[in-house]
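**Student:** Got a sequence here, can you build the structure:
(one chain, ligands or ions: 1)
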Amino acid sequence: MHQGLTLHPVAVELSQEVRLSMWRAALAAYQTAYAPYSHFRVGAAVLDEQGRIHSGCNVENAAYPQGVCAEAGALSAMVLAGGRSLRAVLVLGQGERWVTPCGGCRQKIREFAQSDLPILLADESGLRASLTLQALLPYSFGPEHLELPLS
Ligand code: THU
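**Tutor:** Numbers count the residues shown, from 1 in each chain. Below is the predicted model of the structure:
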């Protein structure tokens, strides 16, 4: 059903080199994921306004709700490094279906992004699709509602 999708124009603007670097970072994170309960590994890589890539993996917990998604880890790493604005996100997961950010992660991403943010979906073999934040989280609530300008 997802076959044959072309890359979103915004994602095409990301160079092949940057996309490859993001995929590699997400793959390395995926390989270190701590997912002993679901056995479902996820790696994420985010590109910040300085062109830096930060990555994260899912970290599960015996107290299940305390588990943390890969995207949350990558966003934490970006903020810790001083990054405040997203230019692209890549999520790498396993299985036949595209692994898209969960609802909570869409909102976490929204905090640091404009609606045209490319969200690249990948697996161990490579890039599978590109969507925008607008497509995944339409009519979203964000910092502007609280009169905080985007970085
Ligand atoms: N997971 C992520 O890390 N990111 C997502 O966007 C979807 C789900 C993780 C959470 C949990 O460790 C495992 O995947 C199964 O839900």
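**Student:** Please identify the residues of this protein in proximity to the ligand?
**Tutor:** When proximity is defined by C-beta under 6 Å from any ligand atom, the chain lies next to the ligand at 35, 38, 40, 42, 58, 60, 67, 69-71, 101-102, 105. To be clear about C-beta, it is placed using only N, CA and C from the backbone, and glycine gets the same treatment.
**Student:** Using TSV, lay out the residues you listed together with secondary structure and neighbour count.
**Tutor:** Converted to TSV, those look like this (DSSP: H, G, I helix; E, B strand; the rest coil; neighbours: other C-beta atoms under 10 Å):
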residue	secondary structure	neighbour count
A35	coil	17
S38	coil	12
F40	coil	13
V42	coil	25
N58	coil	23
E60	coil	18
G67	coil	16
C69	coil	21
A70	helix	29
E71	helix	26
P101	coil	24
C102	coil	15
C105	helix	24
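**Student:** The residue lying closest to G142 once chain neighbours are set aside and F141, how far apart?
**Tutor:** Ranked by C-beta to C-beta, 6 or more residues apart in numbering and with sequence neighbours excluded, the top spatial neighbour of G142 is R110, at 5.3 Å. Remark: distance between R110 and F141 (C-beta to C-beta, to the nearest Å) = 8 Å.
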